[in-house]
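Asks: Using only what follows, build the 3D model:
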Amino acid sequence: MDQALQHLVNGTVLGGTYALLGIGLTLIFGVMRVVNFTHGELYAFGAYMAYGLVSLLGLNFYLSLLLAALLGAALGAVIERVLLRPLRGADIDSVMLAMIGAALVLQNASMWAWGGVAKLVPSPFDGMPLVFGPVSVLPLRLFVLGVAVALLLAFWFLLDRTRAGIAMRATFQDPETAALMGVRVAWVGTATFAIGSGLAAAAGALLGPVFMVSPTMGDLVGLKAFAIVILGGLGNLPGAVIGGFALGYVEEFGGGFLSTEYRDAFGFLLIILVLAIRPQGLVAAKERVG
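Replies: I've put the predicted structure just below:
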């Protein structure tokens, strides 16, 4: 029982960052109908930015996390303006090829700039765990969970309580009608891609002190982001949050009780089971658009 509680805590921490990845990818797909193959590389970009700001420039750790997320959002806005906007109206094959090419460019740029040796983002937290009865958790992991939950709540507030969020939701539901009602769809596209990219970079910056940072770290994470979106249902934001936590729990419990070697495989096995039983995802309705 004690071991199960420990895995529950660890899965919650991991699921929070997975949820950030999932809602960013879902938002981009829902508003722009673009499959963002650069999502994993933007995650790695955030981790490297946090490393560079803390280790090389000596900036405050907490400020570096914020700047890494903002730089990720800025990079996302550049990708949308330079790459995606000229391809608006193009066939899906052209857009997908362009995004795959952008992902390869970002990964090789990371390899060229930072080298192939894995790095760790320094953090101000010590390695002594906090003990709560039978459960122990590192202060860094508690911090990661707290920031992830805060970002999820901030994203909900933006989407539900602001004019920009209303414009995004309107474009999400019906871009043609939203444009007729005066919504600047092009601006919404840029803002959407920037926010989704910023969330991916924030997740990378948060997990940079937990896991090692490497140029290829975005490969598996990108696949997991797609797994989260599929689990929750394409274009379903609450489903992306549920899918993120579900993937975190399955990986943690599977790795803890069955085999750590196949930890990553358990999440994809869950996708196969969900698609076999409920092809539309855990939350999305069968009549969903897209």
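
Asks: Stretch 43-51: how far from the chain's middle?
Replies: Relative to the centre of its chain, stretch 43-51 is centred 13 Å away, using C-alpha atoms, centre = their mean, to the nearest Å.

Asks: Now V135: phi and psi?
Replies: phi -110, psi 140 (degrees, to the nearest 10).

Asks: repeat for G89
Replies: phi 90, psi -10.

Asks: residues contacting L42?
Replies: L42 is in contact with G72, L75, G76, L106, S197, A200, A201, G204, G218, counting by C-beta atoms under 8 Å, 6 or more residues apart in numbering. For the C-beta atoms, the positions are set from N, CA and C on the backbone; glycine is no exception.

Asks: hmm, which two among those residues are most spread apart?
Replies: Of all pairs drawn from the contacts of L42, the one with the longest distance (C-beta to C-beta) is G76 and G218, at 13.9 Å.

Asks: Contacts for the one helix or strand M168 maps to, please.
Replies: Using DSSP states H and E, M168 maps to helix 163-173. Helix 163-173 has contacts (C-beta under 8 Å, 6+ apart) with 27, 30-31, 157-159, 177-178, 181, 183-185, 188-189, 191-192, 235, 289.

Asks: one more time with 7 Å
Replies: Residues from elsewhere that reach helix 163-173, judged by C-beta atoms under 7 Å, 6 or more residues apart in numbering: G30, V31, L158, L159, A178, V183, V185, V188, A191, T192.

Asks: V82: neighbour count?
Replies: Applying other C-beta atoms under 10 Å, we find 10 residues neighbouring V82.

Asks: nearest residue to M181 other than its sequence neighbours?
Replies: Here the nearest residue to M181 in space, its sequence neighbours aside, is A170; by C-beta to C-beta, 6 or more residues apart in numbering that works out to 7.0 Å.

Asks: what do you get for Y51?
Replies: Y51's closest residue in space is V121 (C-beta to C-beta, 6+ apart), at 4.8 Å.

Asks: Quick check, the one you found in contact with P209.
Replies: Yes. With contacts counted by C-beta atoms under 7 Å, V121 reaches P209, the gap being 4.4 Å.

Asks: which one of those two has more residues nearby?
Replies: More crowded of V121 and P209, by other C-beta under 10 Å: V121, with 27 against 23.

Asks: what's the distance between R141 and D264?
Replies: Separation of R141 from D264 (C-beta to C-beta, to the nearest Å): 19 Å.

Asks: Looking at these two, which has the bigger crowd around it?
Replies: With neighbours defined as other C-beta under 10 Å, R141 and D264 compare such that R141 has more, 22 against 16.

Asks: If anything else comes up later, I'll come back, but that's it for now.
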